[in-house]
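J.: this is a predicted model, with the sequence first.
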Amino acid sequence: MATDEILQAIPHRPPFLFVDEVVEQSEESLTAKRHVSESEAFFEGHYPGNPIMPGVLISEAVFQTGAIFLTRMLADQLEEDPDMVPVLTKIADARFKSIVGPGDDLYITVTLKEKMGRFIFMNGAVKNGQGKRVMTVTFSVALAKAPQDS
């Protein structure tokens, strides 16, 4: 279950929220946790009989963690302009190292690589509950104006 802190930091909501809690943070990094429930809807159709969490959803967990880090890093700017939201701007060098299945816990760490203007470049790494690397990726996020309802 996502904490209020996460729900305030990013616009994502279930069923497309892949971060449950922030477990550690510093000025340079943030680590979040996601418990992959056996009842996740995607398991029904992604390798039935041998369910595997789709890599794109593991990636999304990293990007959401990056967005949480960004909103904390730029909290003052967001106070001045609350219509801004974090958006993904670049993905590079995604590598998948092991499979994620029902009941696994994911520990998602994003680390600041560089800040250039409104863009924040980060490295992302995911490990399972046993400390085995699941994925690595380099990516960037930025603040953008939220789309207005028509």
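T.: On my side now, so go ahead.
J.: what are the ranges of the strands in the chain?
T.: Using DSSP state E, the strands of the chain run over 21-25, 29-35, 84-96, 105-116, 119-128, 133-145.
J.: got a markdown table for these, with mean neighbour count and mean pLDDT too?
T.: Quick note: C-beta positions are derived from backbone N, CA and C, even for glycine. Listed next are the strands of the chain as a markdown table, based on neighbours: other C-beta atoms under 10 Å; pLDDT from 0 to 100:
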| stretch | mean neighbour count | mean pLDDT |
| --- | --- | --- |
| strand 21-25 | 14 | 96 |
| strand 29-35 | 20 | 98 |
| strand 84-96 | 15 | 94 |
| strand 105-116 | 18 | 97 |
| strand 119-128 | 20 | 97 |
| strand 133-145 | 18 | 95 |
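J.: reformat these as TSV; add distance to Phe42.
T.: Listed next are these as TSV, based on distance: least, C-beta to C-beta, whole Å:
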stretch	distance to Phe42
strand 21-25	21
strand 29-35	13
strand 84-96	16
strand 105-116	14
strand 119-128	16
strand 133-145	16
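J.: for Val56, find the nearest of those strands.
T.: When these are ranked by distance to Val56, counting by C-beta to C-beta, first place goes to strand 84-96 at 9.5 Å.
J.: just the angle for the closest one relative to strand 119-128, thanks.
T.: Orientation of strand 84-96 against strand 119-128 (axes from the mean of the first three to the mean of the last three C-alpha atoms, to 10 degrees) gives an angle of 50 degrees.
J.: and strand 84-96, C-alpha only, in CSV?
T.: Output of strand 84-96 as CSV, limited to C-alpha atoms (Å, rounded to 0.1, in the frame of the first residue of the first chain):
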residue,chain,number,x,y,z
MET,A,84,4.3,21.1,-12.4
VAL,A,85,4.6,17.3,-12.5
PRO,A,86,7.6,15.0,-13.0
VAL,A,87,7.9,13.4,-16.4
LEU,A,88,10.3,10.9,-17.9
THR,A,89,12.5,12.4,-20.6
LYS,A,90,15.1,9.8,-21.5
ILE,A,91,15.8,6.0,-21.0
ALA,A,92,19.2,4.5,-21.8
ASP,A,93,21.0,1.2,-21.3
ALA,A,94,18.3,-0.8,-19.5
ARG,A,95,19.6,-4.2,-18.5
PHE,A,96,17.6,-7.0,-16.9
